[in-house]
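Q: Would you be able to build a 3D model of this:
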Amino acid sequence: MRPDLVQVLLRVQTDLFAGAPARARGGSLAFESLALALIPRAEPGTLRYVARQLAQLPHTPGSVLRAIAARGQDLGLAHTLPAAGGAASSAAPTGPSPGLRPGGAPPAVSTGLDLALARDSHALLGERLLQDMVARARRVPDLAEALLARTDLPARSLAPLYLHADQARRAALRSAMAQDGGGASHLRLVRPTRERIAALHDAADIGEKAAFGARLAQGLGLPAVPDWRFEKPERHDCLALALLALGASEEDAIRIFLILDKALARDVATVFGLVEIFRRTPRSVACALIEAIYEISIALPQRSTAPADVPRIIDQASAAGRGLGATAREALRAGSRADSPAQGRSTGGRDSVRRAIRDGG
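A: Down below sits the predicted model:
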């Protein structure tokens, strides 16, 4: 079929479906079949038209919505397709709004397609599509809730939504990430120095939360200080995860839990919960979660130099090994000369080697 006919037929069929007074099951199936065949060939203008028409309908087949989302992804229109009710997802509200986020940016609006895909447990979300949806869900609670409710999505992909999850779902995310390897790139990170931990304690002792956050960021190798906000109840977990990512000991972490924020210190149950998170979460998972939550990249310094006496120890071991090897080779030659061809006398050569190795050792 010619491309121009595809656009016309898809628009007409959409209009007929949207304008029908009552959508019988048979008519819905007929439209679904035709739409699924044509949407993959829809041009940008046609796709926007179809999405705008269907976004206003409560009973649009989920498979059609998924096809529109997939085609929009192919055409780079994921952020501009019409939202539920016919409004464009990329359009910002005019005039002041009480829902503005800090900094004056309007809150993100999830499209009807996003929510339909997130709530459809049978919808297969590709890696790129899921990544885009999670990025929008960071600022859209209902979309975040829908994605977190699904059990078929990779835990690592949902890690940026950790702050939107309840305690049970957070525990499930940590457990799932631990089972799938957590963050293997962070397994070789070294522990901080006592001086760095002492500096954190000093800042926490005097209630200097800004200094504490800056020193923590420095310890994690961050170029800038994230907006930690550990005093917020929903971010208490992040304090435990950040200290674990840093490599602090359990004793050091508990002390910081008790002195950094007075409100936190008085909440015994919360402190116990943070200790459990610290104990049960692999350090690699803590690193991966902190990176996902705060959109940062941890770069702890690697152990690049060996202690001064290590080269001397290695040289001594190598010399001893060379001496032992020479002794063993000499014993073998001596055993070969002393042994007769008879099988019974070959044991003497092996005994000579054993004695030489024992004496050399």
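
Q: The residue nearest to residue 3 when sequence neighbours are not counted and residue 199: what is the separation?
A: Using CB to CB, 6 or more residues apart in numbering and skipping the chain neighbours, the partner closest in space to residue 3 is residue 41 (6.8 Å). No exception for glycine: its C-beta is placed from N, CA and C like everyone else's. Per CB to CB, to the nearest Å, residue 41 is found 62 Å from residue 199.

Q: quick one: which of these two has more around it?
A: Taking other CB atoms under 10 Å, residue 41 and residue 199 do not tie; residue 199 has more neighbours (19 against 13).

Q: contact partners of the helix or strand where the more buried one lies?
A: Residue 199 belongs to helix 194-205 when elements are defined using DSSP states H and E. Applying CB atoms under 8 Å, 6 or more residues apart in numbering, the external contacts of helix 194-205 come out as 209, 211-212, 215-216, 218-219, 248-249, 252, 255-256, 259-260.

Q: Going by neighbour count, which of those are buried?
A: For the contacts of helix 194-205, a burial check counting by 16 or more other CB atoms under 10 Å picks out 209, 212, 215-216, 219, 248, 252, 255-256, 259-260.

Q: tell me which residues in the helix holding residue 199 are buried?
A: In helix 194-205, counting by 16+ other CB under 10 Å, buried: 196-197, 199-201, 203-204.

Q: a markdown table please, covering the residues you listed and showing pLDDT and distance to residue 170.
A: Shown next, in a markdown table, are these (pLDDT from 0 to 100; distance: CB to CB, whole Å):
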| residue | pLDDT | distance to residue 170 |
| --- | --- | --- |
| 196 | 89 | 28 |
| 197 | 92 | 26 |
| 199 | 93 | 29 |
| 200 | 94 | 24 |
| 201 | 94 | 27 |
| 203 | 93 | 27 |
| 204 | 92 | 24 |
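
Q: And the residues you listed, which two are furthest apart?
A: In the buried residues of helix 194-205, two members sit farther apart than any others by CB to CB. They are 196 and 204, at 13.0 Å.

Q: Read off the pLDDT value for residue 217.
A: According to the prediction, residue 217 has pLDDT 93.

Q: Pull the number of nearby residues for it.
A: 20.

Q: how far away is it from residue 282?
A: Distance check for residue 217 against residue 282: by CB to CB, it reads 22 Å.
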